[in-house]
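1. Sharing a model prediction with you, sequence too.
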Amino acid sequence: MKNIPVSALIGLFFTALYFLGAIFAPLLAPYGMAEVVGDVWEPSSADYWLGTDNIGRDLLSRMIYGGRTTIFIATMATVISFTTGAILGIFAAVSGGWVDQLLSRFVDLIMSIPTLIFALVVLSVTPVTVPMLILVMGLLDSTRVFRLARAVAVDIEVMDYVEAARLRGEKTAWIIFREILPNALSPLVAEMGLRFIFMVLFVSTLSFLGLGVQPPEADWGGIVKENKDGIVYGIPAALIPAFAIATLAISVNLVADWVLNRTTSLKGGRG
């Protein structure tokens, strides 16, 4: 703990707070997710700590369950994005030739279409379910991870220890997972934090536009949409989930920066 900077401790605290809240949402929420318990937009009180929303549901309970949905979708989409993008990116760099060209040009084609527009088109013609959201978000974002992983792998692929592995007769899978991937983790870890936050913003944006998490399920973007009209009357119900998104973004980035600095320092020490 002594070697962890204050910024990283703050990031770890808030990140852990949000994730624990997501895991134990049914135990922490005072009311049901869709339970109407009061009047419209009641102010904060002993019964409703954050007040009520646009139809009288407890906003704190909605925030806790919404955080659970948002974090789950963002986490699973990030896993798909990195699993797909990193493996294909490193595979393209190791294979070279027409395989590299084919994968790279296909990724360029997908990236030429704005991600949000692509997602809106796909989700408008498919069932908007949580698994579909995760799949669409993860696969679209994997193009960014592919480009980063390929760029890093191209530099590592010419190193002596990779050439030695080839001369020993190691297979492509060995070179990817035992030689290149461990040495590419530092930039990938830093990018993972950014991609997770992008996923949080992505699913929140889709929900705000009506093609994300569907009512009565809650997520932070949907809560903003439901309560946006209250801002005109000075009611902060829509600002609370926006604040949660901002603090989660800052916290995860602080942790990612610390992990990147730590892994870089450890590499430098071994060198």
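-> Okay, I see it. Bear in mind the structure is a predicted one, so any value in this text is a computation, not a measurement.
2. For residue 150, what are phi and psi?
-> phi -70, psi -40 (degrees, to the nearest 10).
3. Identify the residues contacting it.
-> Listed by Cβ atoms under 8 Å, 6 or more residues apart in numbering, the contact set of residue 150 reads 89, 90, 92, 93, 100, 104. Just so you know, the C-beta spots here come from the backbone N, C-alpha and C atoms, and that holds for glycine as well.
4. count of neighbours near the third one?
-> The local packing of residue 92 (other Cβ atoms under 10 Å) involves 22 other residues.
5. likewise the fifth one?
-> With neighbours defined by other Cβ under 10 Å, the count for residue 100 comes to 17.
6. How about it, nearest residue that isn't a chain neighbour?
-> In this structure, residue 100 finds its nearest non-sequential neighbour in residue 92, 4.5 Å apart by Cβ to Cβ, 6 or more residues apart in numbering.
7. Which of the helices and strands in this structure ranks last by mean pLDDT?
-> helix 239-270 (a mean of 78; mean pLDDT, DSSP states H and E).
8. Just flag the most distant two among the contacts of residue 150.
-> 90 and 104 (12.8 Å; Cβ to Cβ).
9. So for those two, which sits in the more crowded spot?
-> Legend: neighbour count by other Cβ under 10 Å for residue 90 and residue 104, higher for residue 90 (27 against 17).
10. Now do the buried residues in the helix or strand harbouring that one.
-> With elements taken from DSSP states H and E, the one containing residue 90 is helix 59-95. Neighbour counts using 16 or more other Cβ atoms under 10 Å place 59-78, 80-82, 84-94 of helix 59-95 among the buried residues.
11. what separates it from the chain centre, distance-wise?
-> 5 Å (Cα atoms, centre = their mean, to the nearest Å).
12. just to revisit the earlier point, surely the residue nearest to residue 100 and residue 98 touch.
-> No - with contact defined as Cβ atoms under 8 Å, residue 92 does not reach residue 98; the gap is 10.6 Å.
13. residue boundaries of the helices in the stretch 1-150 of the chain?
-> Secondary structure of the stretch 1-150 of the chain, counting by DSSP state H, counting those that start in this stretch: helices at 6-23, 25-28, 59-95, 97-111, 115-124, 130-157.
14. how about those helices, which one is nearest residue 189?
-> helix 59-95 (9.8 Å).
15. Going by contacts, tell me the helices and strands next to the closest one.
-> helix 6-23, helix 25-28, helix 97-111, helix 130-157, helix 172-174, helix 185-208, helix 220-227, helix 239-270 (3 or more Cβ pairs under 8 Å, 6 or more residues apart in numbering; DSSP states H and E).
16. So for stretch 19-39, mean pLDDT?
-> Averaging pLDDT along stretch 19-39 yields 90.
17. any residues touching it, and which ones?
-> 47-49, 52, 55-58, 60-62, 64-65, 67-68, 71-72, 216-218.
18. which parts of it are buried?
-> Neighbour-count burial for stretch 19-39 [16+ other Cβ under 10 Å]: 19, 21, 22, 25, 28, 29, 31, 33, 38.
19. Quote the end-to-end distance of that stretch.
-> Distance across stretch 19-39, first residue to last, is 30 Å (Cα to Cα, to the nearest Å).
20. distance between that stretch and the chain's centre?
-> With Cα atoms, centre = their mean, you get 22 Å for stretch 19-39.
21. do the same with stretch 116-134
-> 16 Å.
22. Check stretch 225-238 too.
-> 26 Å.
23. Can you give me the buried ones in it?
-> Quick answer for stretch 225-238 (16+ other Cβ under 10 Å): 225, 226, 227, 230, 235, 236, 237, 238.
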